[in-house]
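# When you get a sec, could you give me coordinates for this:
(one chain, ligands or ions: 1)
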Amino acid sequence: MKVLIARMNHETNTFSPVPTPLSSFGNHGPDFGADAYRANKGAPTAMGAFIDLAEGWGAELVTPVSAMANPSGRVDAGAYDAICQSILEAASGCDALLLDLHGAMVVTDIDDGEGELLEQLRQRCLGVPIVVSLDLHGNVTEKMIVNADIVTGFKTYPHLDMYESGRLAGSIFQARREGRATPVTAWRRVPLMSHTLKSATASPAMKGAVDRAKALERRDDIYAVTVMAGFALSDIPAPCVSVIVVGKDHATAQEAADGLARSIWQQREGFIYQSAPLRDSIARAKAISNGADPGPTSGGTPSGPVLLLDHGDNCMSGGTCDTMDVLQEAFAQGLRGIAVGPICDPEAVETLYAAGRGATVTLSLGNKRAIPGRTATPMSLTGRVAALSNGEYTMSGPIYHGMTFCMGRTARLSVDGAEIVVTEQTQEGWDLGIFTCVGLDARRSDFILLKSRMYYQPVFLPLARGYVECDSGGVTSSDYGLFTYTKIKRPVYPFDRDAELGF
Ligand SMILES: [Zn+2]
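Sure thing, here's the model as predicted:
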């Protein structure tokens, strides 16, 4: 048996001005051929699971590509073509296609990147089983489902079960080959644009839905059930929640999908994040810091800093990593002792490098990436260049532990009230290394400002006294009213409070 195994992952935020050329995938472009195999063999990805399973079957493996890019704007058509062509050409003559996809890829000229690829594979490889593992933030379409045989997805966010999702899909395929299963995939979309913060494993409505999915999976006639939270920061017809069920026949799978979709609809309010005005969030941070408010967390460090979480500008969802709303409001309310996580501003880095370490500079910082519909001017700041660094650090926390990351040339700007890390590249606020690489021990500060919504947790929560979520006006804001949706199919919740489930 000859098995194709490939990975194509991108969560597209169509409102993000951050471009997605081919070089955004991987370190300097996707891994092709043997490099794609090496990148995933032993890795906790769905493709890693596919490789382990197929090797167990004694199959001949074909691994044309592994392409993963952090979330950003629409994928360049040329990049998409290069990745898809490698898969399409390698697919000919294969007996099964095992694909590690995201589900929310939008291309310059194609709204449904995965659906388009799957349709072309189906046409080229008639009768060949197509097995797919998706990210739970995928926006499922009819095209994806009809052009695949078995579809599963992650059940956790942060995503800790990528491998398990791949193994489940591959195992169902194996059972089909051995005549032990007759998998058929059905799905149901819920007209609900969820908020990413509410798709977390610990979020009650999401947890309830995933628990019901797991209970369904224990039935003999159902092989896999996935709750897809979707990714709403995408101007496509339906960036919505959906349910995918693989069952022994269509009627069984559809009935289970419909039942779960109905229960999610009943709990729809639990998938909607309630934003607080930024002014209130900063005031609360101040109150937590001076002990007037116990804050929402326990189990941290009572003497530690308070986290200011700027989830409206999170680069792991397409944020520019350069909006300044939170720091401006913090200064306006008199907060001091703030360690500011990466602000991506290559121009400012250039200025700080030219001035040199120890120099005093006045510069304009942040708010430089044009965001449609938003007018914000850079902050004018005067401070000292406290440190310069190549921006490399090694992850100390559990996520990507031991791996080295690079933020490009990095400077530490010391201003009255804050120590600011300024970088050439966007970077998630997920590790103390983003501060230590410029000699800053953020644990000693009163506040830590991070452009993070989820990945800050393992490292920063334990050392913090508390946290506040700060809704800034970046391209990952939870306020969908900030964005111009032109393609979305109405009615949809929460835009239309009277929307109906429709089936
Ligand atoms: Zn995801």
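
# Write out the residues of this structure neighbouring the ion.
Taking Cβ under 5 Å from the ion as the contact definition, the chain meets the ion at 135, 137. For the C-beta atoms, the positions are set from N, CA and C on the backbone; glycine is no exception.

# what ranges of the chain fall below the confidence cut-off?
297-298 (pLDDT under 70).

# from it, which residue is nearest to the ion?
Nearest residue of the chain to the ion (Cβ to the ion) works out as residue 137 at 3.5 Å.

# Can you get me a residue count around that residue?
26 (other Cβ atoms under 10 Å).

# Same question for residue 303.
Using other Cβ under 10 Å, residue 303 has 8 other residues around it.

# now the one 10 residues further on
As a burial measure, residue 313 scores 31 neighbours (other Cβ under 10 Å).

# and the nearest residue to it once chain neighbours are set aside, which of the three is it?
Of all residues not flanking residue 313 in the chain, residue 474 sits nearest, at 3.1 Å (Cβ to Cβ, 6 or more residues apart in numbering). Here residue 474 is coil, with the state taken from DSSP: H, G, I helix; E, B strand; the rest coil.

# What's the local residue count around the closest residue to residue 125 other than its chain neighbours?
The spatial neighbour of residue 125 that comes closest, neighbours along the chain excluded (Cβ to Cβ, 6+ apart), is residue 91 at 5.3 Å. For residue 91, the neighbour count with other Cβ under 10 Å is 20.

# ok, now residue 126?
6.

# which SS class is it?
Assigned with three-state DSSP, residue 126 falls in the coil class.

# Go ahead and confirm residue 496 touches residue 490.
Yes: using Cβ atoms under 8 Å, residue 496 is in contact with residue 490, at 5.9 Å.

# re the thing from before, ok, now which ones touch the closest residue to the residue of the chain closest to the ion other than its chain neighbours?
Leaving aside its sequence neighbours, residue 137 sits nearest to residue 231 (Cβ to Cβ, 6+ apart; 4.3 Å). By Cβ atoms under 8 Å, 6 or more residues apart in numbering, the contact list for residue 231 reads 11, 12, 13, 104, 137, 138, 139, 196, 239, 317.

# Buried ones among those residues?
Buried residues within those, counting neighbours by 16 or more other Cβ atoms under 10 Å: 11, 12, 13, 104, 137, 138, 139, 196, 239, 317.

# surely the first one meets residue 136?
No: under the contact definition of Cβ under 8 Å, residue 11 does not touch residue 136, with a separation of 10.7 Å.

# buried stuff in the helix or strand harbouring residue 174?
According to DSSP states H and E, residue 174 maps onto helix 162-177. Buried residues in helix 162-177, counted by 16+ other Cβ under 10 Å: 162-174, 176.

# before we move on, back to that, any idea how many residues pack against the residue nearest to residue 313?
31.

# Quick check: nearest residue in space to residue 418, chain neighbours excluded?
Spatially, and ignoring its direct neighbours in sequence, residue 418 is nearest to residue 338 (4.2 Å; Cβ to Cβ, 6+ apart).

# and that neighbour, what does it touch?
Residue 338 sits next to 308, 327, 330, 417, 418, 419, 445, 446, 447, 448, 449 when contact means Cβ under 8 Å, 6+ apart.

# so it bridges to which residues?
Applying DSSP bridges to residue 338 gives these bridge partners: residue 418, residue 447.

# before we move on, the earlier item: isn't the residue nearest to residue 125 right up against residue 4?
Yes: if you go by Cβ under 8 Å, residue 91 and residue 4 touch, sitting 5.3 Å apart.

# Overlap of the contact sets of these two?
In contact with both residue 91 and residue 4: residue 97, using Cβ under 8 Å, 6+ apart.

# Please, where are all the helices along this protein?
34-40, 46-56, 77-91, 113-124, 142-146, 162-177, 204-217, 250-266, 278-289, 325-332, 346-355, 433-436, 457-463 (DSSP state H).

# Buried residues of the third one, list them for me.
Using 16+ other Cβ under 10 Å as the test for burial, helix 77-91 gives 79, 80, 82, 83, 84, 86, 87, 88, 90, 91.

# ok, the fourth one touching residue 65?
Read that as residue 83. Yes: the criterion here is Cβ under 8 Å, and residue 83 meets it with residue 65 at 5.7 Å.

# Show me the domain layout of the protein.
Segmentation of the chain into domains, based on automatic domain parsing, reads 2-271, 278-477.

# Now tabulate those in CSV and tack on distance to residue 503.
Shown next, in CSV, are those (distance: least, Cβ to Cβ, whole Å):
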stretch, distance to residue 503
domain 2-271, 7
domain 278-477, 30
